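Trainee: after the sequence you'll find the predicted model.
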Amino acid sequence: MITTASDTALRDLLQAAPTIVVVGLSPQADRPSHEVAAYLQQHGLRTIPVNPVVAAAGGQILGERVYASVTEAAAGLAAEGLEVDIVDCFRKSEAIGPIAQEAVAVGARCLWLQQGVVNAKAAALAAQAGLMVVQDACIKLEHRRLLGAAA
């Protein structure tokens, strides 16, 4: 795991960050993104899906409206009086740059890149803008490790 934060800071974030935009959230229940988002929902966090294909069809995933981008998701949340706390990315490392730019633009608190996802340039951009950055780490596993939550 590569992070700009201590375990204490990550624990505080996960306890106080109720809204997570999940980029690349799959509608297929057997996919890791779906499993992770369902786990987060089961533990009281709200997961907002970003999946352009599903959004174009006007679909939902895990009971939430699907958006085509982080920017659209942030606008939808703003209409509810909510903000983006974490942008959790299930995308290839080379696709993270524009997502990091969006996370910065919408004022997210954290850019989280799932296991196997590392992009130093995007991480630096987000960190310079004041976002906490976590790379190459599963938010579900970290939530479980830091907060002792069962699966």
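Mentor: Looks like it came in fine. Numbering: from 1, shown residues only.
Trainee: now the residue most central in space within the chain, what's its secondary structure?
Mentor: The residue lying closest to the centre of the chain (Cα atoms, centre = their mean) is Asp88, at 1.8 Å. Following DSSP: H, G, I helix; E, B strand; the rest coil, Asp88 is assigned to strand.
Trainee: apart from its neighbours in sequence, what residue is nearest Arg46?
Mentor: When the adjacent residues along the chain are set aside, Arg46 lies closest to Thr19, with 5.0 Å between them (Cβ to Cβ, 6 or more residues apart in numbering). Backbone N, C-alpha and C define where each C-beta goes, glycine included.
Trainee: pretty sure the one you found is touching Leu82, no?
Mentor: Yes: at 5.5 Å, Thr19 counts as touching Leu82 under the criterion of Cβ atoms under 8 Å.
Trainee: who's more crowded, these two?
Mentor: Taking other Cβ atoms under 10 Å, Thr19 and Leu82 do not tie; Thr19 has more neighbours (19 against 14).
Trainee: so what sits opposite the residue nearest to the centre of the chain in the bridge?
Mentor: Asp88 has these beta-bridge partners by DSSP bridges: Val22, Trp112.
Trainee: check Tyr67 too.
Mentor: Val50.
Trainee: wait, it touches Val53, no?
Mentor: No: shown here, Tyr67 and Val53 do not form a contact pair, counting by Cβ under 8 Å, at 11.8 Å.
Trainee: what's the first helix or strand after the worst-scoring helix or strand of the chain on mean pLDDT?
Mentor: Across the helices and strands of the chain, the lowest-confidence element by mean pLDDT, DSSP states H and E is strand 2-3, at a mean of 69. Using DSSP states H and E, the helix or strand that follows strand 2-3 in sequence is helix 7-16.
Trainee: list of residues touching that following helix?
Mentor: Residues from elsewhere that reach helix 7-16 (Cβ atoms under 8 Å, 6 or more residues apart in numbering): 3, 5, 85-86, 109-110, 132, 134, 139, 142-143, 146-147.
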